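Peer 1: what's the 3D shape of this:
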Amino acid sequence: MTLAVIIVIAAFLSLVCILGLTISRSLQVSAGHDLAGKIHPLDVEAFRNLLSPSDDAFLRQHLSASDFRLVQRARLRAMAAYVQEAGRNAAVLIRIGQAAMAAADPRTAEAAQQLVNEALLVRRNAGFALLKIYVALTWPTSGPAASSVFDGYQQLSRSAMLLGRLQNPAVPVRMSART
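Peer 2: Sure, this is the predicted structure:
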């Protein structure tokens with residue numbers, strides 16, 4: 001009996017490690033020269049709609065339980081895609097911010113430090129949110145906590161705009177798609 005429990009615990013820990021590695025690799029950015037070109041703007045309104053509790057309540061009220069689970073799984077997969085993209089953008093901004101921290105202008109260096117700090121937070125939250133989303137795909141009635149990624153991404157977008165204006169006022173950094 002004890003051996004079975006130990007094997008189950010070891011299998012669970014292995015699964016968690018594999019998921020952690022998968023998530024961290026999905027958030028990495030390949031090396032390159034044009035880092036700003038690797039930022040993919042997110043449709044913030046669509047992301048916000050996926051996180052809306054009122055939309056979930058509406059769907060739960062107007063769909064059968066099986067249809068709701070199907071729709072919720074599709075919404076969770078879309079949410080995972082947005083969270084992955086936010087994490088990738090944060091990884092790019094970490095590298096951009098690290099490069100800008102050596103600037104002679106103290107305002108630029110301070111903005112770069114703030115950008116790096118916020119990007120690290122968004123990247124960490126994206127990893128946790130992806131893990132929660134993947135668990136929620138198993139039980140689609142549980143709500144994932146990706147709102148921290150959304151809120152952090154909006155703050156990160158403002159910081160990226162500030163650094164972009166300080167470095168090169170003529171070329172803005174776009175983090176969200178215009179609808």
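
Peer 1: Ala86 - how many residues pack around it?
Peer 2: Residues lying near Ala86 (other CB atoms under 10 Å) number 28. To be clear about C-beta, it is placed using only N, CA and C from the backbone, and glycine gets the same treatment.

Peer 1: in the helix or strand hosting it, what's buried?
Peer 2: Per DSSP states H and E: Ala86 is located in helix 65-100. By 16 or more other CB atoms under 10 Å, the buried positions in helix 65-100 come out as 68, 72, 75-76, 79-80, 82-97, 100.

Peer 1: Check which helices and strands it is in contact with.
Peer 2: Contact partners of helix 65-100 among helices and strands, from 3 or more CB pairs under 8 Å, 6 or more residues apart in numbering; DSSP states H and E: helix 44-51, helix 53-62, helix 106-138, helix 147-167.

Peer 1: now it and helix 44-51, what's the angle there?
Peer 2: If you take axes from the mean of the first three to the mean of the last three CA atoms, to 10 degrees, helix 65-100 sits at 140 degrees to helix 44-51.

Peer 1: tell me the mean pLDDT for helix 65-100?
Peer 2: The pLDDT scores in helix 65-100 average 88.

Peer 1: Would you mind getting the angle between that helix and helix 53-62?
Peer 2: If you take the same axes, to 10 degrees, helix 65-100 sits at 160 degrees to helix 53-62.

Peer 1: quick one, helix 65-100 and helix 106-138 angle?
Peer 2: Using the same axes, to 10 degrees: helix 65-100 against helix 106-138 is 160 degrees.

Peer 1: Now do helix 65-100 and helix 147-167, the angle between them.
Peer 2: Using the same axes, to 10 degrees: helix 65-100 against helix 147-167 is 30 degrees.

Peer 1: Need the pLDDT of Asn117.
Peer 2: At Asn117, the model reports a pLDDT of 90.
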